[in-house]
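> sequence? don't have it. structure:
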């Protein structure tokens, strides 16, 4: 019989997951996975936060809880406490009742709902041609989220300066200036993925200035709050600054990393509008989008986060757990840089400690990356991005030596 | 700075103007207020009502005979087992938990199905039934280039239309419900189906049709399968109530399995919201039956590409619970009993509803109430009568006269019959 799907081509696998799959198949005892962005302990194990285990048990023991549908927009206490995390407990915008939120499936889901809304309602009712700017480079799924939401014009904005291994501020500001007014800009709130390079506060101010003047829309992607510096407020500075400057904006929050709740898909799309009336209309339209995408969000993860954020002792414990993760990453950064310097590896390695968050853009070129993967069984993305969490006190020497080899023998 | 002073001045002016403009206006001024969801709107109104006799017969979630949400015992046991394992929270693959997907397909198709043995199908975990339909709609829209048309039964679940439309498909309908008999318009369905252009997509409710509760009989399904084959249509089954309809999971999946046996390579959406009471955990599956293993692999790869920009990978909790139940013999047995109990309670309520109407003195034919199956009953009530039920009796249902029988209990069935008799006599 002729098949309806006879013409369906084999799609290429998603690179980061293929990397982990290859890593799993590798039998070499020294193999190291510096690919996918998930936290690992110094024993290279996944880490379920102690506070998470505690709250899980609380939920399991509470037989008054059931598995009924959540509202379409999600668990109310999750949404409001999550927005507070992003904007600050004392946020004037929250006090003004102009902040709302949609519980979504992870950070991806939050970006999705935000993108679908913007395509329908942002600047007129058909934004398929409205330019969407994503940083060069950016998380590889950003492009797909916006193009699948119907945006036809997705452009890069200058961000990473490979030469100086830092932020290309001039290029960034230049792209902001030359962008058509009302363009949408996807901004990484902190711990830029994949470069780990964030603007300074002063640089954010310059960015905000241009965006305000040119009516550019700020869509923040906040996947690492708390995880970057170890301090929630510090990591939220940029988002809060933009709000204080009067921007209406979206902030896609993920609790995958900072709560370690990767597979429960806990995310929140925070919406800051001019006033409550505008906010309500926006949320009503987002509700319609949610209804035809997943109807209503999963309850387990949201419950867990809501209980934690709304219970003072648990909230304190969570912040502590987050700091534990952030501190280990900082330690690995410091040690990797030290070892590369000690080995005399050519080039400068300051960027390893200057960069922030889970990832580091090493600056290794594709050939060097291939060498590491094939010859040394060290798995990292072709871009040279490494997940610092994959480093441990036990493998860091091997990784440093291997990087040294790659840099000195492969051009 | 490389900007000239006149450029700086212009920028300054621009920013002053923008300040005022932005201060006064919002991006969202033109955003219209979205209409309230018709089904959830019923629950909102119900919540506001202070009448102690009020009844919520709107949303389709099972209630026990005390009118309370019901957490299945096998679910509680599965949860305890899972908690004891202290599993990590690492991302699932894009296609979800493998043990779940496998068990999900076995439940629908039967473990000895040739399709499963040959490996010529792909089943992935989805965000319950809605998520499954959405992925399926996106898949069909992207890869089924032979047609843009999706045919839904008249009527169908309200959310089918916007899901398929948003995915880029055109919605059409085939006759299904006969308001004169409150039953299946078999002749009308066959007639309409015989006119559907080749290669169109046809959506079929596998069992417990929503909203009517009207299902074809097996011999009718057989005729439809043959006609649909003749018309060369792409079959998309929506199975949200397996086990919940008749109490028997094999009986409820009969149509799905028969169509496959007749040579249809179907698409199938499954939900575990109702039959496992896992509503808010969002557990579902999407299956594509393919020509062979190789095609199934290609299709799987494309499903992943569709899913990644929506939500990356699915939630673990519910799938883990469902998988534990389906894959643990004692829990599976217990589940079958509990699903049957839920279905039996619904059937009992239908019977009590009709006998109470007779007791009230109603002379109308209420046969359809016991002939219909599943959570919903299309009462045949008209909008004015529904309005009266809401206003005078605080009995809430959707305007189309659909009631969720799950909201009926032995304590309130008498009141319901009394009220309905009052508005229909």
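Happy to help now that I have it. Note that the structure is a prediction, hence the values are computed from the model and not measured. Numbering: from 1, shown residues only, chains lettered A, B, ... in the order given.
> what's whichever helix or strand residue A:373 is part of packed up against?
Using DSSP states H and E, residue A:373 sits within helix A:366-376. Helices and strands touching helix A:366-376, by 3 or more Cβ pairs under 8 Å, 6 or more residues apart in numbering or on different chains; DSSP states H and E, are strand A:378-379, helix A:396-409. To be clear about C-beta, it is placed using only N, CA and C from the backbone, and glycine gets the same treatment.
> winner for burial among these?
The highest mean neighbour count among the helices and strands packed on helix A:366-376, using mean count of other Cβ atoms under 10 Å in any protein chain shown, belongs to strand A:378-379: a mean of 24.
> list the strands paired with the helix or strand following that one, with their directions.
Using DSSP H and E, the helix or strand that directly follows strand A:378-379 along the chain is strand A:385-387. According to DSSP bridges, strand A:385-387 has the following sheet partners: strand A:359-361 (antiparallel).
> closest to residue B:223 out of the helices and strands packed on helix A:366-376?
Closest to residue B:223 of the helices and strands packed on helix A:366-376, according to Cβ to Cβ: strand A:378-379, at 56.4 Å.
> and chain B, is the closest one touching that?
No. For strand A:378-379 and chain B, the contact criterion (Cβ under 8 Å from any Cβ of the partner chain) is not met; the two come no nearer than 16.0 Å.
> now do that strand, average pLDDT.
On average, the pLDDT along strand A:378-379 is 96.
> now what about stretch B:348-358, what contacts it?
Contacts with stretch B:348-358, where a contact means Cβ atoms under 8 Å, 6 or more residues apart in numbering or on different chains, come from B:364, B:366-367, B:369-370, B:372, B:377, B:405, B:408-410, B:413-414, B:416-418, B:420-421.
> make it 6 Å
B:366, B:369, B:370, B:405, B:408, B:413, B:414, B:417, B:421 (Cβ atoms under 6 Å, 6 or more residues apart in numbering or on different chains).
> distance of residue A:57 from chain B?
Going from residue A:57 to chain B by Cβ to the nearest Cβ, to the nearest Å gives 7 Å.
> what's around that residue, how many residues?
For residue A:57, the neighbour count with other Cβ atoms under 10 Å in any protein chain shown is 11.
> likewise for residue A:124?
By the criterion of other Cβ under 10 Å, residue A:124 has 11 neighbours.
> how about residue A:358, what does it touch?
Neighbouring residues of residue A:358 by Cβ under 6 Å, 6+ apart: A:37, A:387, A:388, A:389.
> and it, how close does it get to residue A:325?
From residue A:358 across to residue A:325, the span is 9 Å (Cβ to Cβ, to the nearest Å).
> so what sits against both of these two?
Applying Cβ under 6 Å, 6+ apart, one finds that no residue jointly contacts residue A:358 and residue A:325.
> pLDDT at residue B:40, what is it?
So, for residue B:40, pLDDT stands at 70.
> host element of it?
Assigning secondary structure by DSSP H and E places residue B:40 in helix B:38-48.
> residue B:320 - nearest residue in space that isn't next to it in sequence?
Leaving aside its sequence neighbours, residue B:320 sits nearest to residue B:82 (Cβ to Cβ, 6 or more residues apart in numbering or on different chains; 5.5 Å).
> secondary structure element for that neighbour?
Assigned by DSSP H and E, residue B:82 falls in helix B:73-85.
> just give me the neighbour total for residue A:211.
The number of residues near residue A:211, taken as other Cβ under 10 Å, comes to 21.
> likewise residue A:394?
Residue A:394 has 11 nearby residues by other Cβ under 10 Å.
> before we move on, what SS does it have?
Secondary structure, DSSP: H, G, I helix; E, B strand; the rest coil: residue A:394 is coil.
> about what we covered before: what's the first helix or strand after the helix holding residue B:82?
Counting by DSSP H and E, the element after helix B:73-85 in chain order, helix or strand, is helix B:98-109.
> elements contacting that following helix?
strand B:121-127, helix B:316-327 (3 or more Cβ pairs under 6 Å, 6 or more residues apart in numbering or on different chains; DSSP states H and E).
> tell me which two in the contacts of residue A:358 are the farthest apart.
Longest span within these, Cβ to Cβ: A:37 and A:388, 9.8 Å.
> who touches residue A:398 in this structure?
Contacts for residue A:398 (Cβ under 6 Å, 6+ apart) come out as residue A:30.
> what does residue B:385 give?
residue B:423.
> from residue B:400, how far off is it?
Residue B:385 sits 11 Å away from residue B:400, going by Cβ to Cβ.
> make a markdown table out of the helices and strands packed on helix B:98-109 and add mean neighbour count.
As requested, the helices and strands packed on helix B:98-109 are arranged in a markdown table below (neighbours: other Cβ atoms under 10 Å in any protein chain shown):
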| stretch | mean neighbour count |
| --- | --- |
| strand B:121-127 | 28 |
| helix B:316-327 | 25 |
